[in-house]
Structures are given as C-alpha cells and as structure tokens.
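Novice: Structure for this input, please:
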Amino acid sequence: MRIYLDNAASTPIREEVIEAMTGVMRDLHGNPSSIHAHGRKARAKIEESRKKIAGYLNASIGEIFFTSGGTESSNMAIKGAVRDLGVQRFITTKLEHPCVSNSLAAAEKMGASLEYLDVDDLGRPDYEQLEKKLQENEGVKTLVTLMHANNEIGTLSDMARISQLCEKYGAYYHSDTVQTMAHLPIDVSKTKIHFLSGGAHKFHGPKGCGFIYINSETQIKPMMDGGSQERNMRGGTENIYGIVGMAKAMELACENMEEYRQHMERLRDYLKENLMARFEDIQFIGDQESYLYTFLNVSFPPSEKSEMLLLLLDIAGISASGGSACSSGVEGGSHVLNAIGADPARKSIRFSFSHFTTKGEIDFVLEKLAEIVKIKEAVIA
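Specialist: Numbers count the residues shown, from 1 in each chain. Purely as a prediction, here's the structure:
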C-alpha cells in the first residue's frame, strides 16, 4: 500500500483533465497564431480557457496571461515592477517561496531595496508594521509581496487588509497564490490586487502550466520576447493542451470547492485529534485558526529516530514532506521554520491532502507512525 500525502507539492491529474488534454492533443494540431480554420479552432480553445479562469476570479479576460507556472508568474511580476513600473522598494517577509525570494534578490541587484516585516511564531506578518513602513517614504514606489498561504505551514495572510493598506498608501500588491488558487475563493473585483499567480499542478492539473493575473491598471512589458502571443506579453507557441487541462482542473476544483473543503477539513481534524490523543508531545506548526485546510504541519519531539522520520515514513509507504519541494536537498533546514523560531531539535512533517484522500489512508498513517514514534502510555494500556 502506498499513501500520497504530499499534495501541497503536486497533485495527481484528474481523469477528466487527462481526457480534456488528450482530446486537444488528438484533434487540435493547428498553431493558434495561424489564421486558417485549424488555427482558429486552436485559438478558440485557448480563449475559452482564459474566459473560464477569469470568471472564477471575477477578472477580465484581458487580465489573465498564461505562463509555465507560479515561478514564472512571480518572476514576471517582481522584475517587471522594477523595470516597467519604477518600483524602488519591496516589502515582504522571510517566509516567501524561493520563486519570490530569489526574484526579490534579482530585483535588489536591479537597484531596488528590500524591507522585511516581522512575523510571529505562527507565521503571521505584522500588519501594523506594514502600515508604518508604507507611511515611511510614501512617495517611493513600493510593491508589497506577501504569499496568500505559506506553503510549509499553511498560515493565511489577510489579503483584504493588505489590499486596503496598499490602496491607502498607493503601493502595488503582489501575492503568491499558488497554494490557495482553486482551494479558496479569490475575487479580484472586491479585493484590489495588482499581480497574483496560479499553477495548475496544485489543483489536479498538468505540471508546466500556470497563469498570472495582472490588474488592467498595471502595465508591464514581456519578460520573454518572441512573437505576439498572449497579447504580446509572452512570446512562444502556446501550450494548448496544458491550458485546456488547467482550465478544466480549475473548473472542477472551483465548482466543488465547498464539498472538497469539508472533506479535507474532516481528515485534517481527524489526523490532528488522533495525533494528540495517541502520541507524546505533538505540536502543530502555523496558525490553527486561520489556515489553509489542505495540509497540516506536525512537529514531533526529538528522538533517536526523529532525523530519519521522513525516510522511515517513505519506507513504510507514506509520501509526505519535510518542507517545500522546491527546497529539497538544500542544507540548513527550512527557512520558514527558522524565521518563525521553531525548535530545530524537533522534526516537522507536512501532511497535505486532496479530495481523493480517504480516512482509511489517515488510519494507515497513524498505524505506521505508532511503529516509529513514541506512543502515550495511556494508549498502550
């Protein structure tokens, strides 16, 4: 038996999505830029997908641009903000995904300054400090970049509050929404944001396909030059079947969002309650009041097996994560856990769910953990 609990890293592609993609591979071989019938048919599929994705965000179709994923989208927003919008200052935290933090490092080399907000031990940014920083040097063009949900601990940022502060002080707002896209409702007509991103493989779509939302009031130039694709914003022949697959995956996720949320919440609560009841000194990382329901970050006490816990789970047939999949193999531990002051002697495991996850699979995880981790004496008795 093999259990997959690393959906925050990537999700399995749904059968309906595979069917939609293979239909395009089989039937739509025309280049979307060609003016003949085959090309027009391919172009229509792309625009149909754009309209669908824009609809779920309450965005205009002219504000959605297809990319290779969240990493490209964040690079596009951050570097474009310096080059084309004259942004001189970025306000962020040390909890951001590497696609943001490394893009910010590049922006710094382009002449922009970086300012970091304090975060508490739950990973929440200091919103009062954000307002003070926005008040300071108010004339300096600023972009605030704060992820919607942290990809390691699940703590949510208050998107509405950040948006209001940015609007009040004339700052741009970018949010890495890769983890929350199609899992939480996002309405850009109610919450003003200048840039946000989505990656299809986080909501049961294909890898290598994503999009960026760019507010129509915000104009940046292409990061990648070429032809006139994506309304001159991204050169290169479009990934038609990836785009169609992403739109189908988003449709299924958004149309069933509440049902899936309730299912994953029940599994998360069941795992959490049983871990507390059965095992000694279990802690949970991140905000347990305002969190992304798709995963639970569990902190296990130090033991002779703690450093090998992730490997032992893998051997037992359980795929989970010790942090961001994008940081695998990097020495020095999790930058997120370091930033919130987590005890480095404890081992943190991120269990992340999908609507395919079952209670039986959670029971299997608990059973295997009982073979590895110290059980409470009351439970043994």
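
Novice: now for the host helix or strand of E367, which elements pack on it?
Specialist: Taking DSSP states H and E as the definition, E367 sits inside helix 359-372. When contacts are defined as 3 or more CB pairs under 8 Å, 6 or more residues apart in numbering; DSSP states H and E, helix 359-372 packs onto strand 3-4, helix 257-278, helix 309-315, strand 318-319. For every residue, glycine as well, the C-beta is placed using N, CA and C.

Novice: make it 7 Å
Specialist: Contact partners of helix 359-372 among helices and strands, from 3 or more CB pairs under 7 Å, 6 or more residues apart in numbering; DSSP states H and E: strand 3-4, helix 257-278, helix 309-315.

Novice: what are the ranges of the strands in the stretch 201-350 of the chain?
Specialist: 210-214, 283-285, 295-300, 318-319, 347-352 (DSSP state E, counting those that start in this stretch).

Novice: Excluding sequence neighbours, find me the nearest residue to S49.
Specialist: Among residues not flanking S49 along the chain, A247 sits closest, at 3.5 Å (CB to CB, 6 or more residues apart in numbering).

Novice: is it true that the one you found touches K52?
Specialist: Yes - taking contacts as CB atoms under 7 Å, A247 lies within contact range of K52: 4.6 Å.

Novice: if we can go back for a sec, for the strands of the stretch 201-350 of the chain, which one ends up most surrounded?
Specialist: Comparing the strands of the stretch 201-350 of the chain by mean neighbour count (mean count of other CB atoms under 10 Å), strand 210-214 ranks first with a mean of 28.

Novice: any idea how far the residue nearest to S49 lies from G69?
Specialist: According to CB to CB, to the nearest Å, A247 and G69 sit 15 Å apart.

Novice: Comparing those two, which residue is more hemmed in?
Specialist: The neighbour count for A247 versus G69, taken as other CB atoms under 10 Å, is higher for A247 (27 against 24).

Novice: how near is the more buried one to S33?
Specialist: Separation of A247 from S33 (CB to CB): 19 Å.

Novice: circling back to that earlier point, M25: which of the strands of the stretch 201-350 of the chain is closest?
Specialist: strand 210-214 (19.3 Å; CB to CB).

Novice: So which elements touch that closest one?
Specialist: Under the contact criterion of 3+ CB pairs under 7 Å, 6+ apart, strand 210-214 touches strand 64-67, helix 70-85, strand 195-199.

Novice: looking only at pLDDT, what's the mean for stretch 188-206?
Specialist: Across stretch 188-206, the average pLDDT comes to 97.

Novice: That stretch: which residues count as buried?
Specialist: Buried residues in stretch 188-206, counted by 16 or more other CB atoms under 10 Å: 188, 191, 193-206.

Novice: Out of the residues you listed, flag the one nearest to S73.
Specialist: Nearest to S73 among those: S197, at 3.4 Å, using CB to CB.

Novice: Quick check: the closest one touching I212?
Specialist: Yes - with contact defined as CB under 7 Å, S197 and I212 form a contacting pair (5.2 Å).

Novice: what residues are shared contacts of these two?
Specialist: Counting by CB atoms under 7 Å, 6 or more residues apart in numbering, the residues touching both S197 and I212 are S73.

Novice: Residue ranges in the stretch 101-250 of the chain under the pLDDT threshold?
Specialist: Applying pLDDT under 70 to the stretch 101-250 of the chain picks out no residues at all.

Novice: okay, how far is it across stretch 54-67, tip to tip?
Specialist: Length of stretch 54-67, first residue to last, CA to CA, to the nearest Å: 14 Å.

Novice: Run through who's touching it.
Specialist: 50-51, 53, 73, 76, 186-189, 210-216, 230, 233-234, 238, 243, 250, 254.

Novice: mind listing what's buried in it?
Specialist: Buried residues in stretch 54-67 (16+ other CB under 10 Å): A54, Y56, L57, A59, E63, I64, F65, F66, T67.

Novice: where do the helices sit along the stretch 1-150 of the chain?
Specialist: 15-27, 37-57, 70-85, 98-109, 127-135 (DSSP state H, counting those that start in this stretch).

Novice: Mind listing what's buried along the last one?
Specialist: If I follow you right, that is helix 127-135. L130, K133, L134.

Novice: What of the longest one?
Specialist: Neighbour-count burial for helix 37-57, counted by 16+ other CB under 10 Å, picks out G39, A42, R43, K45, I46, S49, R50, K52, I53, A54, Y56, L57.

Novice: Good, we can wrap up now.
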